[in-house]
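Chemist: Sharing a sequence plus its predicted fold:
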Amino acid sequence: MFLALREMRHAKLRYALMAAILILVSFLVLFVTGLAKGLSYANASSVVNMPADAFLLSADAEHRLARSELAAPQAERIRELAGEGKSEALGVRMAAVEVDGAGKADAAVLAVDPEGWLAPPVVEGAALAPGDTGKAMADAQLKAAGARIGGVLTDTASGRSWEIVGFTQDESFSHTPALFVSPAEWAELARPVLGGAASGGGEPAGSAPYNAIALQGDAQRLEAIAAELPDTALLSKRQVIEAIPGYSAEQGSLSMMIAFLYVISAFVLAVFFYVMTLQKLGQFGILKAIGAGTGYLARSVAGQVLLLAAASLAASLLLIAGFCAVLPASLPFRLDEMTLLATCGLFLATSAAGSLVSIVKVARADALEAIGRTTA
């Protein structure tokens with residue numbers, strides 16, 4: 001690294017300009033990655049947070065929760081096959097709600113057993129009881145629309161009203177804040193679909209159709225359960241998330257942007273160091289003539305690349321930290337430790353790959369040609 005550091009100190013401006021470009025590129029990589037992760041979580045956090053190993057949906061639902069419908073006998077059969085405490089019914093319905101009779105907001109109504117393992121933790125207020133009707137737990141995002149504990153949300157489609165008893169955090173579905181109701185309330189919501197005559201004015205909670213059954217257990221056991229139910233499809237959590245409308249297209253576009261940024265950073269580094277290597281080819285030849293090995297010179301070039309990339313990453317991480325401090329809460333941005341490590345590692349690897357062209361050129365530098373060129 002002696003030669004690499006000495007040269008960087010000698011040509012400060014040249015390397016500073018290159019570092020500035022890399023800082024901007026690495027900042028964009030980190031920012032778009034954080035945005036992609038944030039949008040992914042905002043789109044499916046309710047499903048992501050569920051401690052389920054797999055989901056059973058109807059076979060004709062094309063992996064989409066909203067299209068799936070499992071009748072009460074099917075749900076009961078799945079519970080019998082899965083065993084005690086290994087399955088939970090899940091209902092999903094998109095809704096538009098009036099907040100305390102004032103403004104309107106979109107919400108995703110999710111029916112879960114309040115005493116089961118699908119129920120989200122309450123961060124404010126109280127939890128639901130299994131037999132509660134006319135009550136709901138809302139995601140904290142709905143506070144921006146005026147929701148409050150004790151406030152009332154009214155479904156504009158069914159006319160059902162729910163008193164908010166508590167708030168959850170980071171629970172959304174299809175970029176819409178979640179609204180959790182009990183199985184008893186889900187049965188009331190299903191009454192117009194089942195028909196008033198069929199419901200008899202009070203449909204039992206267990207008779208309403210659900211969208212999916214969440215399961216826990218090893219893969220072999222879950223596949224055996226699915227084999228007993230030919231009209232159902234066993235899906236992993238990842239498959240359910242990717243089938244949420246707009247999820248794959250959104251993540252695909254952002255992933256392509258990130259990939260292009262990696263390619264751009266590698267290309268910029270490769271061109272910069274290749275041009276510099278061409279300018280210093282005579283110097284490399286002379287160094288070889290006086291005993292410097294090709295490996296030493298190659299390590300010098302690679303060291304400069306990695307040092308520039310690492311310093312640029314450190315600066316861009318500081319920029320990201322400052323940027324996150326002023327970002328509005330409504331902007332979905334999420335960078336966890338594993339994502340940061342993976343992004344930084346991939347950026348360094350891409351930068352190192354960009355230096356290979358220069359290293360090949362250094363390896364081919366001829367000492368005799370360099371001496372002859374210098375003498376001439």
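Modeler: In hand now; what should we look at?
Chemist: what lines up beside the biggest strand by length in the chain in the sheet?
Modeler: The longest strand of the chain (DSSP state E) is strand 87-99. Its sheet considered, strand 87-99 pairs with strand 104-111 (antiparallel), strand 152-155 (antiparallel), strand 212-215 (antiparallel) by DSSP bridges.
Chemist: mean confidence score for that strand?
Modeler: The predicted model gives strand 87-99 an average pLDDT of 93.
Chemist: quick one: buried residues of that strand?
Modeler: With burial defined by 16 or more other CB atoms under 10 Å, the residues of strand 87-99 counted as buried are S87, E88, A89, L90, G91, V92, R93, A95, V97, E98, V99. From N, CA and C alone the C-beta is placed, and that goes for glycine too.
Chemist: how about JSON lines for the strands paired with strand 87-99, with mean pLDDT, distance to I23 and mean neighbour count added?
Modeler: Formatted as JSON lines, the strands paired with strand 87-99 follow (pLDDT from 0 to 100; distance: least, CB to CB, whole Å; neighbours: other CB atoms under 10 Å):
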{"stretch": "strand 104-111", "mean pLDDT": "94", "distance to I23": "39", "mean neighbour count": "22"}
{"stretch": "strand 152-155", "mean pLDDT": "93", "distance to I23": "46", "mean neighbour count": "20"}
{"stretch": "strand 212-215", "mean pLDDT": "94", "distance to I23": "45", "mean neighbour count": "25"}
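Chemist: I'd like the ones you listed laid out as TSV, including distance to A144.
Modeler: Putting the strands paired with strand 87-99 into TSV (distance: least, CB to CB, whole Å) gives the following:
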stretch	distance to A144
strand 104-111	8
strand 152-155	14
strand 212-215	29
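Chemist: Please name whichever of the ones you listed is nearest to A249.
Modeler: Nearest to A249, of all the strands paired with strand 87-99, is strand 104-111, at 19.0 Å by CB to CB.
Chemist: could you point out which element follows that closest one?
Modeler: strand 124-125 (DSSP states H and E).
Chemist: List the contacts of that following strand.
Modeler: Contacts with strand 124-125, where a contact means CB atoms under 8 Å, 6 or more residues apart in numbering, come from M137, A140, I149, I164, V165, G166, F167.
Chemist: is it true that the second one touches S172?
Modeler: It refers to A140. No - at 10.3 Å, A140 does not count as touching S172 under the criterion of CB atoms under 8 Å.
Chemist: These two: which is more packed in?
Modeler: Shown here are A140 and S172; by other CB atoms under 10 Å, S172 has more neighbours (23 against 16).
Chemist: circling back to that earlier point, among the strands paired with strand 87-99, which comes closest to R64?
Modeler: Once the strands paired with strand 87-99 are compared by CB to CB, strand 212-215 is nearest, at 10.0 Å.
Chemist: Tell me the first helix or strand C-terminal of the closest one.
Modeler: Next along from strand 212-215, by DSSP H and E: helix 219-227.
Chemist: For that next one, buried residues please.
Modeler: R221, L222, I225, A226.
Chemist: Domain boundaries for this protein, per the record?
Modeler: According to automatic domain parsing, the chain comprises the domains 2-44+247-375, 71-210.
Chemist: The last one: how far from the chain's middle?
Modeler: So that's domain 71-210. 25 Å (CA atoms, centre = their mean, to the nearest Å).
Chemist: Report the beta-bridge partners for the residue nearest to L153 when sequence neighbours are not counted.
Modeler: Spatially, and ignoring its direct neighbours in sequence, L153 is nearest to V97 (4.4 Å; CB to CB, 6 or more residues apart in numbering). Bridge pairing for V97 (DSSP bridges) gives the partners A105, D155.
Chemist: Point out where this protein drops to low pLDDT.
Modeler: The chain contains residues with pLDDT under 70 at 1-4, 6-7, 101, 192-207, 365-376.
Chemist: So which elements touch the lengthiest helix in it?
Modeler: Criterion DSSP state H: the longest helix present in the chain is helix 12-48. For helix 12-48, the packing partners by 3 or more CB pairs under 8 Å, 6 or more residues apart in numbering; DSSP states H and E come out as strand 172-173, helix 237-242, helix 247-279, helix 294-326, helix 337-354.
Chemist: do you know which of those lies nearest L65?
Modeler: That would be, of the helices and strands packed on helix 12-48 and by CB to CB, helix 237-242, which comes in at 6.5 Å.
Chemist: Give me the distance between the closest residue to V25 other than its chain neighbours and S300.
Modeler: Using CB to CB, 6+ apart and skipping residues adjacent in sequence, the residue nearest V25 is S265, 4.5 Å away. The gap separating S265 from S300 is 21 Å, by CB to CB, to the nearest Å.
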